[in-house]
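Trainee: Mind looking at a prediction? Sequence and model below.
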2 protein chains.
Amino acid sequence: MMDVSQLISFDRINAAIPNAAVVERRLSHLRGVFADPHAYAGALEQGDPLVYSVASVEPAGGEGDLHYGIGKIMPGRVGQEYFLTRGHFHQWRPAAEIYIGLTGSGVMLLEHEQTRRAYSVDLLPDSVVYVPGHTAHRTVNVGDAPLTYLGIYPARAGHDYGALEERNFAQVVVVQDGRPVVLDREHFLASLPILR
Amino acid sequence: MMDVSQLISFDRINAAIPNAAVVERRLSHLRGVFADPHAYAGALEQGDPLVYSVASVEPAGGEGDLHYGIGKIMPGRVGQEYFLTRGHFHQWRPAAEIYIGLTGSGVMLLEHEQTRRAYSVDLLPDSVVYVPGHTAHRTVNVGDAPLTYLGIYPARAGHDYGALEERNFAQVVVVQDGRPVVLDREHFLASLPILR
């Protein structure tokens, strides 16, 4: 039980926060996440860079409690696809989440589990993205600097990564003519050269 | 039902946010809130300034949903006591709240309903204050500029102001030798001159 009377200052540049549990995801942890398997294999041959980190704080775990985290996605791409988080549903599906952009330039991919409605929202400094319940969410860094952000969610939300492992997100965020665009995954895959 | 796919950018200086319901509290709305009734009467004779505003966004109201608001407390004092919010419990007592400091310099007063434990936490830019469930919370501006902050809470939290009306907070934040200090209300009241 942490002492809740302490001021918790976070570092918006380094996405650091006291008393947090830090998860780091390198490129090798993200097999099957990026759309283009050839580009992924090629990128891994060049090294195993940090793609993102999340520092989470869980002050208490009761029914009305909240948890929060600070995320950092490094700038970079695998082929045309920008660096991203694995993405997840909440284990407790009704749980919403509020994202607050701190630094950098991002896009969130959202996809409702039942309706399959897929859409994207920009994540910029001093902006809020509301992730409704029952909605898979992935964060993508489309800028040249680290993207950092806060996420706040019900303590009982939990994370479910498994439900996305087979189907992945319906959309991808890729570079075209030097700018980020959101495409249907199938459309993007069909555009890739067959031989290389 | 708002369209959740829109980017919501907030103005951290003016504490403005699109599609928000704004509540403004002037000095005349805060009768009985400040500790020193003589100072309050005297301040009201000088005018009825804005003390604080809260702009709230309620994207959805389901069990796992979240609401959020952006607050602004103007700099100022009533006698020795700094401008503050009325303060509240959540109607649904287990609901926690996460405050994130944006601009200015503040202090939060927190007080557990059952144990009566009263404590204070600084609220500064890029810091997080965790308000546990069952805990009355009031925000105080101890600086010379507006204090702005975000608050995120379960959609079902609700606000209960009534429970505090009779007893008020056990502590006050007042100026002494030009600096803010947190005192027991009774101790502060006893220090006031009887005749003026």
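Mentor: Perfect, thanks for sending it. Given the structure is predicted, the values throughout are model-derived calculations rather than measurements.
Trainee: Which residue ranges of chain A form strands?
Mentor: A:8-9, A:21-26, A:50-57, A:66-73, A:77-78, A:81-82, A:97-103, A:106-112, A:118-123, A:127-131, A:135-141, A:147-154, A:171-176, A:179-184 (DSSP state E).
Trainee: got a list of contacts for the third one?
Mentor: Think strand A:50-57. The contact list for strand A:50-57, computed with C-beta atoms under 8 Å, 6 or more residues apart in numbering or on different chains, reads A:8, A:15-17, A:19-27, A:29-30, A:67-74, A:76, A:83-85, A:139, B:128. From N, CA and C alone the C-beta is placed, and that goes for glycine too.
Trainee: what about the longest helix in chain A?
Mentor: In terms of residue count, the longest helix belonging to chain A (DSSP state H) is helix A:37-46.
Trainee: now for it, which elements pack on it?
Mentor: strand A:77-78 (3 or more C-beta pairs under 8 Å, 6 or more residues apart in numbering or on different chains; DSSP states H and E).
Trainee: For the strand it packs on, name the packing helices and strands.
Mentor: helix A:37-46.
Trainee: quick one: the helix it packs on to chain centroid distance?
Mentor: From the chain centre to the centre of helix A:37-46 is a distance of 20 Å (C-alpha atoms, centre = their mean, to the nearest Å).
Trainee: How about stretch A:123-137?
Mentor: Distance, centroid of stretch A:123-137 to centroid of chain: 10 Å (C-alpha atoms, centre = their mean).
Trainee: what do you get for stretch A:13-20?
Mentor: 17 Å.
Trainee: now that stretch: mean pLDDT?
Mentor: Mean pLDDT, stretch A:13-20: 92.
Trainee: May I have it exported as PDB, CA atoms only?
Mentor: Provided in PDB are the C-alpha atoms of stretch A:13-20 (Å, rounded to 0.1, in the frame of the first residue of the first chain):
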ATOM      1  CA  ILE A  13       9.800  13.700 -21.700                       C
ATOM      2  CA  ASN A  14      11.100  10.400 -20.300                       C
ATOM      3  CA  ALA A  15       7.700   9.000 -19.400                       C
ATOM      4  CA  ALA A  16       9.000   8.200 -15.900                       C
ATOM      5  CA  ILE A  17       7.000   8.300 -12.700                       C
ATOM      6  CA  PRO A  18       7.900   7.200  -9.100                       C
ATOM      7  CA  ASN A  19       6.900   3.800  -7.700                       C
ATOM      8  CA  ALA A  20       5.800   2.600 -11.100                       C
END
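Trainee: got a pLDDT number for A:Val4?
Mentor: 45.
Trainee: What is the distance between the helix or strand bottoming out on mean pLDDT in chain A and the centre of its chain?
Mentor: Counting by mean pLDDT, DSSP states H and E, the weakest-scoring helix or strand in chain A turns out to be helix A:162-165, with a mean of 84. Centre-to-centre, helix A:162-165 and its host chain are 14 Å apart (C-alpha atoms, centre = their mean).
Trainee: ok, the residue lying closest to A:Gly62 once chain neighbours are set aside - contacts?
Mentor: Once flanking residues are discounted, A:Gly62 sits nearest to B:Pro94: 5.8 Å by C-beta to C-beta, 6 or more residues apart in numbering or on different chains. B:Pro94 is in contact with A:Gly62, A:Glu63, A:Gly64, A:Asp65, B:Gly133, B:His134, counting by C-beta under 8 Å, 6+ apart.
Trainee: In contact with A:Gln114: list those residues for me.
Mentor: A:His134.
Trainee: okay, it: pLDDT?
Mentor: A:Gln114 is given a pLDDT of 94.
Trainee: Next, work out how far apart it and B:Leu44 are.
Mentor: The spacing between A:Gln114 and B:Leu44, counted by C-beta to C-beta, to the nearest Å, is 55 Å.
Trainee: In CSV, list the C-alpha atoms belonging to the least confident helix or strand of chain A.
Mentor: The C-alpha trace of helix A:162-165 is given here as CSV (Å, rounded to 0.1, in the frame of the first residue of the first chain):
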residue,chain,number,x,y,z
GLY,A,162,-4.9,-12.7,-26.4
ALA,A,163,-8.2,-11.7,-28.1
LEU,A,164,-6.2,-9.6,-30.6
GLU,A,165,-3.4,-12.1,-31.3
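Trainee: for that helix, which positions count as buried?
Mentor: A:Leu164 (16 or more other C-beta atoms under 10 Å in any protein chain shown).
Trainee: Tell me which other helices or strands that helix touches.
Mentor: Against helix A:162-165 (3+ C-beta pairs under 8 Å, 6+ apart) you get no helix or strand.
Trainee: where in chain A is pLDDT low?
Mentor: Scanning chain A for pLDDT under 70 picks out the ranges A:1-6, A:195-196.
Trainee: one step back: quick check, nearest of the contacts of B:Pro94 to A:Arg156?
Mentor: Distance to A:Arg156, by C-beta to C-beta, is smallest for A:Glu63 among the contacts of B:Pro94, at 6.8 Å.
Trainee: Pretty sure A:Phe10 sits against B:Val129.
Mentor: No - using C-beta atoms under 8 Å, A:Phe10 is not in contact with B:Val129, being 11.8 Å away.
Trainee: Nothing else from me, thank you.
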